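Colleague: coords please:
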Amino acid sequence: MNYAVLITLHLFAAFIFVGTVFFEVLMLEGIRKQVPRDAMRSVEQAIGKRARRFMPWVIIVLYGAGIGMAWHYRVVLAHPLDTPFATLLSLKILLALSVLAHFITAMVLSTRGKMKTRHFQAIHVSVFLHMLAIILLAKAMLYVG
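Modeller: You can find the predicted model right below:
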């Protein structure tokens, strides 16, 4: 697939994914103390139900396009410590794989009915921090590449 198409798909999917995580971490956590516990739990469950419907598709596009873009840099990735660009790209891929592991964990916990508020918070904060790092690495790659 054309690299321009891959990067466009990747950016749109990243926008949706990061925007969702941003909302959950900064908006929902900001109202947690103002909303009764039962109501907050209902909101978390409703968001989880909605996310299970469309986020898998977002993830497929995000990671599918990411794999396609990584294939474009396969020669560089064969030697991840040889250049600053390769190192940053390798770190970005490792963080993205960690985010995927977080997402899979959240989906499994949700579908089994074992997603507790503490899991919800911990996973979302961790993914949020991962996403900030990935965004910074992506921007840094423009300057060293």
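
Colleague: CA atoms for contacts and neighbours, from now on please.
Modeller: Will do.

Colleague: how near is the residue of the chain positioned farthest from its centre to Val43?
Modeller: For the chain, the largest distance from the centre (Cα atoms, centre = their mean) belongs to Pro36, which lies 28.5 Å off. Pro36 is 11 Å from Val43, where distance means Cα to Cα, to the nearest Å.

Colleague: re earlier: and the residue farthest from the centre of the chain, what are its phi and psi?
Modeller: Dihedral pair for Pro36: phi -60, psi 150, per degrees, to the nearest 10.

Colleague: now swap in Ile59 and tell me
Modeller: Per-residue torsions, Ile59: phi -60, psi -40 (degrees, to the nearest 10).

Colleague: Could I get the phi/psi values of Thr83?
Modeller: Dihedral angles of Thr83 (phi, psi; degrees, to the nearest 10) stand at phi -140, psi 160.

Colleague: Based on its surroundings, how many neighbours for it?
Modeller: Using other Cα atoms under 10 Å, Thr83 is surrounded by 14 other residues.

Colleague: May I have the predicted confidence score for it?
Modeller: pLDDT recorded at Thr83 is 94.
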